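S.K.: Got a predicted model here, sequence first, then my questions.
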Amino acid sequence: MVDRSIPVTRVAFLLKYAALVDRLGAPLERLLAESRIPEELLDYPVAAVCLKSAYKFGELACEATGTEHLGLYVGMQSCLRDFGPVGRNLRRSTTVYDYLHKGIALYDGLITGQRIWLSGHNGDIHLNVATVGEPGLGPYQSQLETLTMTTMVLRRALGKHWSPGRVCLTYRSGEDFPENSCFAGSHIVKGAESSYMVIPRAAMGKPFTSKNLHSGQVPESIETQHLSDNISDIVHLQIEAMLCEKKLHIDNVAESLSMTRRSLQRALAEQGTSYSCELADVQSHEAIKRLQQTNQQIADIAYDLGYNDASNFTRAFRHMNGVSPQQFRKDLNLHE
């Protein structure tokens, strides 16, 4: 299981929001900055981003674009192909129930702080969505996107005009859904105690088909890499994503995960590691890659990896790999 004490999502889930915001002419850079999400992080779909920041971005994006239903538009534009191998796995589902069961399990590995589950009620099935914290415009976007995309996908099995009989949402939106939305035939309940959509029990056994799924840009890097239950893996990914900004101090990484420095240190210690070890491992791996694949000067590599000078980089590299970066590159050339 994923560590639920760390409410994070994947950057991949923000990419369509960012693209839509940019296309509608809203100030994407400013919205990201106000949400405390580095713009460079969008180049790393597998990186973790604090769920609080993601919700803040969703809220600001709605305000900037003039709609409370941004998640609806994102969900209607999404498809299984947007999730690379994860999506391909889902497209091999045999029935509606098989798809929902697989989808919930895979989703549970990609995001923390939001839960999806099925429950039975009076002959119907409820697909439930719950997010951490108080109901608000930001969490509402995530819930709405999940229910919308599920509806669009289920139309593969239940008919191209199918819509849930009832959709309940905890957020009390003052804006109606557009007439051409996938919920046009649904009874919408706003300000409900919980968020869910109703699927007929009889639909569970319907054969599932993925034919003619509309195509989209696939962030292949999301693939099957689930958010690990190891905080060290999450920190490792986060350091990789933040290298480009050179914001490598433990306080920066802790803040991006909505943790205090002490809680992050304690969580890493419980797994037998430390922030300095994780940072050194990422820096060493990236240094080796650059020494192997580029002709970049040693001093430039040192700077890019956050070292004060080349001598500090050389000492650290020798400690991790047994040789200096200069000797490492020389040995590579000898074996070519």
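M.R.: Yep, that arrived.
S.K.: Scan this protein for its longest helix.
M.R.: helix 137-158 (DSSP state H).
S.K.: which strands and helices sit next to whatever helix or strand comes next after that one?
M.R.: Per DSSP states H and E, the first helix or strand lying C-terminal to helix 137-158 is strand 166-169. Contact analysis of strand 166-169 by 3 or more Cβ pairs under 8 Å, 6 or more residues apart in numbering; DSSP states H and E lists helix 137-158, strand 187-190, strand 195-200 as its packing neighbours. The way it works is simple: take the backbone N, C-alpha and C, and place the C-beta from them, glycine included.
S.K.: Using CSV, lay out these together with mean pLDDT, distance to residue 306 and mean neighbour count.
M.R.: Converted to CSV, the helices and strands packed on strand 166-169 look like this (pLDDT from 0 to 100; distance: least, Cβ to Cβ, whole Å; neighbours: other Cβ atoms under 10 Å):
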stretch, mean pLDDT, distance to residue 306, mean neighbour count
helix 137-158, 89, 32, 23
strand 187-190, 92, 48, 14
strand 195-200, 93, 42, 22
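S.K.: So for residue 326, which of these sits nearest?
M.R.: Residue 326 lies closest, by Cβ to Cβ, to one member of the helices and strands packed on strand 166-169: helix 137-158, at 48.9 Å.
S.K.: Could the C-alpha coordinates of the closest one be exported in CSV?
M.R.: Taking Å, rounded to 0.1, in the frame of the first residue of the first chain, the C-alpha atoms of helix 137-158 are listed here in CSV:
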residue,chain,number,x,y,z
LEU,A,137,-13.1,24.0,-5.8
GLY,A,138,-9.7,22.3,-6.1
PRO,A,139,-10.6,18.8,-4.9
TYR,A,140,-13.9,19.1,-6.8
GLN,A,141,-11.9,19.2,-10.1
SER,A,142,-10.2,16.0,-9.3
GLN,A,143,-13.4,14.2,-8.3
LEU,A,144,-15.2,15.6,-11.4
GLU,A,145,-12.4,14.5,-13.8
THR,A,146,-12.4,11.0,-12.3
LEU,A,147,-16.2,10.6,-12.7
THR,A,148,-16.2,12.2,-16.2
MET,A,149,-13.4,10.1,-17.6
THR,A,150,-14.9,6.9,-16.2
THR,A,151,-18.2,7.8,-17.8
MET,A,152,-16.5,8.4,-21.2
VAL,A,153,-14.7,5.1,-21.0
LEU,A,154,-17.7,3.1,-19.9
ARG,A,155,-19.5,4.3,-23.1
ARG,A,156,-17.3,1.8,-24.9
ALA,A,157,-19.4,-1.0,-23.3
LEU,A,158,-22.7,0.7,-22.4
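S.K.: That one - contacts with which helices or strands?
M.R.: Counting by 3+ Cβ pairs under 8 Å, 6+ apart, helix 137-158 packs on helix 51-65, helix 70-77, helix 96-110, strand 114-121, strand 124-131, strand 166-169, strand 195-200.
S.K.: low-confidence ranges in this protein?
M.R.: 1-6, 81-88, 109-111, 133-135, 209-230, 245, 258, 334-336 (pLDDT under 70).
S.K.: Domain boundaries for it, per the record?
M.R.: 8-222, 231-334 (automatic domain parsing).
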